[in-house]
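> need a structure here:
(chains A and B)
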Amino acid sequence: MAPLLSVRDLQTYFHTDEGTVRAVDGVSFDVDAGETVCLVGESGSGKTVACESITKLVPMPPGEIEGGEIRFDGEDLAAKSSGELQGYRGGRIGHVFQNPLGALDPVYTIGDQVVEAIRLHQDVSKADARDQAADLLDRVGIGDVEDRIDDYPHQFSGGMKQRVVVAMALACDPDLLIADEPTTALDVTIQAQVLRLLAELQEERGMGLLFVTHDLGVVAEIADRVVVMYAGKVMETGDVHEVFDRPSHPYTRALLRCLPGRGRAFETIGGTLPDPTDPPAGCRFHPRCPHAVEGCRTDDQPAFHPVEDGAGRNSPGPLGDGETGDGTAAAGAATDGTAADATPAEGRQAAETAADGPRDHEVSCLLYGPDHSLPPDLLAEHAEVDDD
Amino acid sequence: MPSTSLDDARFTAIDWDDEERGLPRPRWRTVGLVLALAVLAVLFAYDFLARPQQLVGALNWDLNRIDWLLLISLVLLGRYVLFPLVADRRRTRRYVRAFLGRPMALGSAVVLLGFVLVALVGPEALDRSWARLRHANQPAFWEKVYVADAWDYHCVGEMTNGYCHGSLAYPLGTTQYGESISLLLARGTRVALVLGVSAAMIMGIVATAVGTTAGYVGGWVEDALTSYVDVQQTVPGMVVFIVLATLFLGNLAGVTQGGLFAVAVVFGLFDWGGIARLVRSEVSTRRRAGYVRAAQSAGATDLGVIRRHIVPNSTGTIVTALTRRIPLLVLAQTLLAYLGLHRAGSKSFGRLLRPDVEGGTSFVVTLLVLLTISFSVFGDEIRQVLDQGAEVA
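Sure thing, here's the model as predicted:
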């Protein structure tokens, strides 16, 4: 089964006075229907640009999609003009942005704004659109819809506004929802509510959800699969349980260590993101990587290696408790109510047969290549992580 | 407020049907606008082709070009300002409440309303008779002048002890030609407001179009437009008009005949640079607003985004800039009339300021100061009211 969205080797560059910024430099990932994929990474790692490239919301110029393929339901969106994409934006692909405070126009009532979103893609009368809008607002949890539909955005709290924004994004029943840090601007209790809402809506409608966040706590909550990005490249990708249980890229490990509340002292990653106009050769993480070896500093970003198979001989001790491949996925589906029943297994199957992209747990790290053995400290760390 | 602007318009209009996709369903407000403009066009064609003595003979009513311009302005004003206010009563109530809470806003609005009233009915209401030379140099009604030693002086009011008292026949007195100063002031006010509204309409449309295009599109379009504005601003409308007037005044019955129409067109087309800059900077920040991105990500076209979100949210800037521009136009027109450079001069404030016309100078200055201040205050206040009404969180 072809994935709903399949991004291959996407390159989005910005041509600025300071040089070409390679915001997204060869990124590949898939999103299946009914699946939640999280793009994770530091600020500036290219997550947002990657998702905005899908429907060309990236300002062009200065931005430009230099290469790659974006297949959505069989169509290559990268080859379409911005005008052709207007039918997709909001119609089949919905967007939710980070800051709900700015996402609503202060001049119009929220009802009017949801109605606008509906009528952009559906030829319905104003009255029908209003009924639909009321239903949607009710669904996203705006109580007293009849009273509140004619209120202005300033009469709503941040969490309520984000619910309205979600309602607008869902107005035309999209197949794919792209949510760019939708909860970052909200306080923690509201975050949980909005996340739950998104998860429910996704299950209800069987849509794909591409979720951008830097918050690994959110990832653990919502994701089926994780794509870890760093400086415009994918570092590691895989099932959320696999990535959290066996983080293989030193960067992923570092990210996880930054997560507070794991019983350790709060840690940070030393150094800063590389200059995006002049990224380092080799693995982009090597200047900050404690495990970098000579080979990491030359050539290109290392190729992807499957964590379980290719790195088998390097495999650091017991990998979890007997769970392999399908077992993990099944466990994932069982524990994670958000996933549509059949999908993870099917996705896994596709991953096993398809060699066209990162579907399995894979890592772009030289240490996992056939020529390397994991350095002892990394092995020790692996064991340590497994102990948690 | 009728005198505010023309472009308030799209901001308050919540017209979802403007966004029509698929089959266009014309709305009656659009139909109304088209109809009103069509009626004007038919009347104009009749006037232009048949050339009747008077357009509406029974009413002793004829129109010249500036009147046509004014009528168009008023139709647009109705469509884009009054109609939205009437259509969205909740919003209007909010604005009114915010407005009433601001004494300065209320005060300036009352003063401006007074000017509008005077301009509307003053010239006819005060026009009791033709100017009589015998009635020259009458004092204002609260004044008295010693005229016992004046030769051949007819006092209209009472004479006591050689003093002539003013009378209500000429409340503000007369010039040395026996013209009623109150009548001249009323005519001047009409000229000022007609010019202000017409020129502001042209400016508002051009400046909004240019500023929005530059701010929204960006890139080389923005560079080209802003460079053009820079160049144009080095040649003020005043200079253009004076050059045209000196070249053609009295020679040609064209645009440059120096009438009010010419003033409105020349200033309307050459003096919008400053407003366009303000609009541009406003739009280029609005362009990055969350709701603009949201609308784009929902599949709205650029034109739709501009009409639905960008212009409405820039209304405060446009309205304020225009209301601040109107008194400058009035002053410029007064100056041109003072210099004898435009034909409507005989009715303008400018003539009363001329040294060869006695009486009335202080009244004109007072009026101009009042008009300028109340427009400026009104502009600032209306912006506050619009912002407060929108209450950007």
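
> mind checking which helix or strand A:Glu236 is in?
Using DSSP states H and E, A:Glu236 sits in strand A:233-239.

> helices or strands up against whichever helix or strand comes after that strand?
The element immediately downstream of strand A:233-239 (helix or strand, assigned by DSSP H and E) is helix A:240-245. Counting contacts by 3 or more C-beta pairs under 8 Å, 6 or more residues apart in numbering or on different chains; DSSP states H and E, helix A:240-245 is packed against helix A:216-222, strand A:225-230, helix A:325-335. Yep, even glycine has a C-beta here, placed from its N, CA and C like the rest.

> ok, the residue in the stretch 201-350 of chain B positioned nearest to chain A to A:Gln113 distance?
Nearest residue of the stretch 201-350 of chain B to chain A (C-beta to the nearest C-beta) works out as B:Gly290 at 2.8 Å. Distance of B:Gly290 to A:Gln113, given as C-beta to C-beta, to the nearest Å: 12 Å.

> could you do A:Gly68 as well?
For A:Gly68, the distance to A:Gln113 - C-beta to C-beta - is 33 Å.

> again, but for A:Ala223
29 Å.

> next: A:Gly74.
From A:Gly74 to A:Gln113 the distance is 32 Å (C-beta to C-beta).

> one more: B:Gly218?
Distance from B:Gly218 to A:Gln113, by C-beta to C-beta: 25 Å.

> just B:Arg190 next, same as before
In terms of C-beta to C-beta, B:Arg190 sits 43 Å off from A:Gln113.

> so for the two, which sits in the more crowded spot?
A:Gln113 (28 against 21; other C-beta atoms under 10 Å in any protein chain shown).

> can you show me the CA trace of the helix or strand harbouring the more buried one as CSV?
Using DSSP H and E, A:Gln113 falls within helix A:110-119. Extracted C-alpha coordinates of helix A:110-119, given in CSV (Å, rounded to 0.1, in the frame of the first residue of the first chain):
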residue,chain,number,x,y,z
ILE,A,110,-14.8,32.9,14.7
GLY,A,111,-17.9,31.6,13.0
ASP,A,112,-17.2,33.7,10.0
GLN,A,113,-13.6,32.4,9.9
VAL,A,114,-14.7,28.7,10.0
VAL,A,115,-17.3,29.4,7.4
GLU,A,116,-14.7,31.0,5.2
ALA,A,117,-12.5,27.9,5.5
ILE,A,118,-15.4,25.7,4.6
ARG,A,119,-16.5,27.8,1.6
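
> so is that helix next to chain B?
Yes. Counting by C-beta under 8 Å from any C-beta of the partner chain, chain B is contacted by helix A:110-119 at A:Asp112, A:Gln113, A:Val115, A:Glu116, A:Ala117, A:Arg119.

> what comes up buried for the next helix or strand after that helix?
Heading C-terminal from helix A:110-119, the first helix or strand you meet, by DSSP H and E, is helix A:126-139. Within helix A:126-139, the residues scored as buried using 16 or more other C-beta atoms under 10 Å in any protein chain shown are A:Ala129, A:Arg130, A:Gln132, A:Ala133, A:Ala134, A:Leu136, A:Leu137, A:Arg139.

> for stretch B:40-50, same thing?
Per 16+ other C-beta under 10 Å, stretch B:40-50 contains these buried residues: B:Leu40, B:Phe44, B:Asp47.

> check the offset of the host helix or strand of B:Ala321 from the chain's centre.
Assigned by DSSP H and E, B:Ala321 falls within helix B:311-338. Centroid separation between helix B:311-338 and its chain, computed with C-alpha atoms, centre = their mean, to the nearest Å, is 8 Å.

> again, but for stretch B:104-111
Its chain's C-alpha centre and that of stretch B:104-111 lie 17 Å apart, by C-alpha atoms, centre = their mean.

> before we move on, what about stretch B:225-244?
That offset, for stretch B:225-244, works out to 20 Å (C-alpha atoms, centre = their mean).

> quick check: buried residues in that stretch?
Those would be B:Leu225, B:Thr226, B:Val229, B:Gln232, B:Gly237, B:Met238, B:Val240, B:Phe241, B:Ile242, B:Leu244, for stretch B:225-244 by 16+ other C-beta under 10 Å.

> now swap in stretch A:2-13 and tell me
Burial within stretch A:2-13, assessed by neighbour count using 16+ other C-beta under 10 Å, is assigned to A:Pro3, A:Leu4, A:Leu5, A:Ser6, A:Val7, A:Arg8, A:Leu10, A:Gln11, A:Thr12, A:Tyr13.

> equivalent analysis for stretch A:144-161, please.
A:Val145, A:Arg148, A:Ile149, A:Asp151, A:Tyr152, A:Pro153, A:Phe156, A:Gly158, A:Gly159, A:Met160, A:Lys161.

> ok, which stretches of the stretch 51-200 of chain A are helices?
A:82-85, A:100-103, A:110-119, A:126-139, A:145-148, A:158-169, A:188-205 (DSSP state H, counting those that start in this stretch).

> turn these into TSV, including mean pLDDT and distance to B:Ile382.
TSV is the format used below for the helices of the stretch 51-200 of chain A (pLDDT from 0 to 100; distance: least, C-beta to C-beta, whole Å):
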stretch	mean pLDDT	distance to B:Ile382
helix A:82-85	79	37
helix A:100-103	77	24
helix A:110-119	86	23
helix A:126-139	86	30
helix A:145-148	83	29
helix A:158-169	85	27
helix A:188-205	84	36
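
> for A:Pro375, report the pLDDT, please.
Looking at A:Pro375, its pLDDT reads 66.

> any weak-confidence spans in the chain?
You didn't pick a chain, so chain A it is. A:1, A:261-267, A:307-359, A:369-388 (pLDDT under 70).

> could you do chain B instead?
Ranges of chain B meeting pLDDT under 70: B:1-28, B:51-63, B:128-131, B:148, B:248-258, B:342-346, B:388-393.

> repeat that with 50
Counting by pLDDT under 50, the ranges of chain B that qualify are B:1-24, B:251-257, B:392-393.

> which residue ranges of it form strands?
Secondary structure of chain B (DSSP state E): strands at B:144-146, B:159-160, B:163-165.

> sorry, back to before: could I get the buried residues of helix A:126-139 as JSON lines with distance to chain B?
Listed next are those as JSON lines, based on distance: C-beta to the nearest C-beta, whole Å:
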{"residue": "A:Ala129", "distance to chain B": "8"}
{"residue": "A:Arg130", "distance to chain B": "10"}
{"residue": "A:Gln132", "distance to chain B": "13"}
{"residue": "A:Ala133", "distance to chain B": "11"}
{"residue": "A:Ala134", "distance to chain B": "15"}
{"residue": "A:Leu136", "distance to chain B": "13"}
{"residue": "A:Leu137", "distance to chain B": "16"}
{"residue": "A:Arg139", "distance to chain B": "18"}
